[in-house]
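Enquirer: predicted model follows, preceded by the sequence.
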Amino acid sequence: MRGFYRQRARVIAALATPLMFWLILGSGFGNSLSGGAAGESYLDFFFPGAVALVVLFTSIFSNISIIEDRREGFLLSVLAAPVPRYALVLGKALGATSIGALQGILFLPLVPLLGLDLQWSALPAVAVLLFAMSLGLTGLGFFFAWRLNSTQGFHSVMNLVLMPMWLLSGALFPPGGSATWMAWLMAANPLTYGVTELRRLLGAGDPMVGPSASVCWAVTAGFAALALSVAVWEASRPSAKNLS
């Protein structure tokens with residue numbers, strides 16, 4: 001986290017890009033699209049999606065350092081240390097997850113400006129949910145970063161995997177108004193449930209629309225556990241020891 005916040009350009013990019021997305025798209029669509037609640041503007045509807053985008057960008061940027069550490073030889077030095085592989089994965093994942101969740105929380109002061117019906121007693125739940133979403137995305141990003149040797153290849157894979165996950169999470173449009181095949185893809189996307197519950201906690205949508213809160217929490221937690229387990233498995237494979 002100390003290394004991240006020393007890179008001011010990275011901090012600004014991680015926060016400013018989702019903010020620009022939210023302002024430009026939200027203001028551009030205005031009231032032409034409805035998130036499902038009467039009188040709700042697209043700025044209100046898109047806000048939880050912008051917070052999820054903060055978490056997504058953090059997970060992508062943080063895992064790029066794995067490729068850079070391999071190229072510079074630092075990762076080989078870490079692997080030679082007398083520590084288990086899961087400690088390496090957990091350290092990397094928890095560091096990136098903490099940064100992602102914290103940056104998502106930094107967006108919350110905008111909630112009163114939007115007039116969203118946020119119960120401040122729900123803030124701990126929002127923080128835990130952002131942490132779980134970030135952990136899942138970071139674990140998935142770690143899996144791909146460990147297998148790739150170039151930042152260009154990693155960016156290509158992230159554009160093919162993580163960005164579609166965000167686009168099909170209900171961040172940009174509600175599942176109810178999409179085509180049937182797309183609605184099925186959104187239902188199969190684990191990030192959909194995190195965004196749905198985040199929207200419910202922030203008061204940016206009808207709480208009766210979408211999966212129940214228990215389902216959203218179960219899927220988000222399960223995705224985080226599965227992604228982290230896959231990352232540990234990939235880093236622990238015998239073939240993964242050869243990082244040349």
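Expert: Perfect, thanks for sending it. Numbering: from 1, shown residues only.

Enquirer: average pLDDT for stretch 148-166, rounded please.
Expert: The average pLDDT for stretch 148-166 rounds to 85.

Enquirer: ends of it, how far apart?
Expert: Stretch 148-166 has an end-to-end distance of 22 Å (criterion: C-alpha to C-alpha, to the nearest Å).

Enquirer: same thing with stretch 162-177?
Expert: First-to-last residue span, stretch 162-177, C-alpha to C-alpha: 22 Å.

Enquirer: if we go by neighbour counts, what in it is buried?
Expert: Buried residues in stretch 162-177, defined by neighbour count with 16 or more other C-beta atoms under 10 Å: 162, 165-175. C-beta: built from backbone N, CA, C; applies to glycine.

Enquirer: distance from the centroid: which residue in the protein tops it?
Expert: Most distant from the centre of the chain: Pro82, at 31.5 Å, with distances by C-alpha atoms, centre = their mean.

Enquirer: what does the model give Ala187 for pLDDT?
Expert: 91.

Enquirer: residues touching it, list them.
Expert: By C-beta atoms under 8 Å, 6 or more residues apart in numbering, Ala187 lies in contact with Pro175.

Enquirer: that one and Ile24, how far apart?
Expert: Separation of Ala187 from Ile24 (C-beta to C-beta, to the nearest Å) stands at 28 Å.

Enquirer: if we can go back for a sec, including secondary structure, could the buried residues of stretch 162-177 go into TSV?
Expert: Listed next are the buried residues of stretch 162-177 as TSV, based on DSSP: H, G, I helix; E, B strand; the rest coil:
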residue	secondary structure
Leu162	helix
Met165	helix
Trp166	helix
Leu167	helix
Leu168	coil
Ser169	coil
Gly170	coil
Ala171	coil
Leu172	coil
Phe173	coil
Pro174	coil
Pro175	helix
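
Enquirer: greatest separation within the residues you listed: which pair is it?
Expert: Farthest pair in the buried residues of stretch 162-177 (C-beta to C-beta) is Leu162 and Pro174. Separation: 21.0 Å.

Enquirer: good, we can wrap up now.
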